[in-house]
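K.L.:
next comes the sequence, and after it the predicted model I'd like to discuss.
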Amino acid sequence: MLPVLQDNGTTAENIRMFQDGNYVFMHNVWRNAKPFGADEMVPFDIIRLDEDGKIAEHWDAMTILEKETASGRTQTDGPTVAKDLDKTAANKALAKAMVEDILMGKNPDKIADYISAEQYDQHNPGIKDGLAGIVEAVKYLTAQNNMFKYSKIHKVLGEGNFVLTVSEGEWNGKQQVFYDLLRFENGKAVEHWDVIQEIPTADLANENGMFGF
């Protein structure tokens, strides 16, 4: 792969980076990234370090960097430094419960229990800010019979007030991986970034899959 990246002049800019035990999860921007689908791509990368501090495993998902978004925010702007480090476990539990109740449909009416009504900064390019933006998007997707369907949470990683969930599901009639990064304040989600990628099934370079944590 490295000669391909060199030939294209592919570079990566790290936007935010967090650690959870022997896992490091990153939010990046790749430029000159045509080998991965477009000139500019936004990925989440996760690496696992072994007992010697060497990279032993890698996961990622990526999407095209969009120039125009519904909220006016970019897919990567916003705070980058974790705080409330003593609340890591509590925020991870909140994020997991939020995905289960809201996105997996266990208790969708509890959405206001998880998402702040005062502030919810949205970085998904197709959804507006706030609870109202989510409700509008859900109504539209449901009317199109094309609502996101989350079926399984594979990993929850967090540092302080930032939590990344990696889930499996369906959208547009195809199996997808969902990476959702949430920022919490006072027990409520106040900001959201995500990457949704179709799970490839053909011409795979390895047989490890996109999960297997």
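P.N.:
Here it is on my side, so go on.

K.L.:
only C-alpha atoms for contact and neighbour calcs from this point on.
P.N.:
Will do.

K.L.:
strands along this structure, start to end?
P.N.:
11-20, 23-31, 40-49, 55-64, 121-122, 149-159, 162-171, 174-185, 188-198 (DSSP state E).

K.L.:
turn those into a markdown table, columns for mean pLDDT, mean neighbour count and distance to residue 143.
P.N.:
Output for the strands of the chain, formatted as a markdown table (pLDDT from 0 to 100; neighbours: other CA atoms under 10 Å; distance: least, CA to CA, whole Å):
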| stretch | mean pLDDT | mean neighbour count | distance to residue 143 |
| --- | --- | --- | --- |
| strand 11-20 | 97 | 15 | 35 |
| strand 23-31 | 98 | 20 | 32 |
| strand 40-49 | 98 | 20 | 28 |
| strand 55-64 | 97 | 17 | 25 |
| strand 121-122 | 98 | 25 | 22 |
| strand 149-159 | 98 | 19 | 14 |
| strand 162-171 | 97 | 22 | 14 |
| strand 174-185 | 98 | 22 | 18 |
| strand 188-198 | 98 | 22 | 20 |
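
K.L.:
okay, these in JSON lines with distance to residue 79 next?
P.N.:
Formatted as JSON lines, the strands of the chain follow (distance: least, CA to CA, whole Å):
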{"stretch": "strand 11-20", "distance to residue 79": "8"}
{"stretch": "strand 23-31", "distance to residue 79": "12"}
{"stretch": "strand 40-49", "distance to residue 79": "16"}
{"stretch": "strand 55-64", "distance to residue 79": "20"}
{"stretch": "strand 121-122", "distance to residue 79": "11"}
{"stretch": "strand 149-159", "distance to residue 79": "13"}
{"stretch": "strand 162-171", "distance to residue 79": "10"}
{"stretch": "strand 174-185", "distance to residue 79": "9"}
{"stretch": "strand 188-198", "distance to residue 79": "9"}
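
K.L.:
nearest to residue 112, out of the ones you listed?
P.N.:
With CA to CA as the measure, strand 188-198 is the member of the strands of the chain nearest residue 112 (8.7 Å).

K.L.:
and that closest one, what other elements does it pack with?
P.N.:
In this structure, strand 188-198 packs against strand 40-49, strand 55-64, helix 111-114, strand 121-122, strand 174-185, with contacts taken as 3 or more CA pairs under 8 Å, 6 or more residues apart in numbering; DSSP states H and E.

K.L.:
between the ones you listed, which gets nearest to residue 26?
P.N.:
Here strand 40-49 is closest among those (CA to CA), at 5.1 Å.

K.L.:
quick check, residue 171 in contact with residue 146.
P.N.:
Yes. Residue 171 is within contact range of residue 146, at 6.5 Å (criterion: CA atoms under 8 Å).

K.L.:
and the longest helix along the chain with strand 188-198, angle?
P.N.:
The longest helix of the chain (DSSP state H) is helix 130-143. Between the axes of helix 130-143 and strand 188-198, defined by axes from the mean of the first three to the mean of the last three CA atoms, to 10 degrees, the angle is 30 degrees.

K.L.:
who's in contact with helix 130-143?
P.N.:
112, 115-122, 127-128, 147-148 (CA atoms under 8 Å, 6 or more residues apart in numbering).
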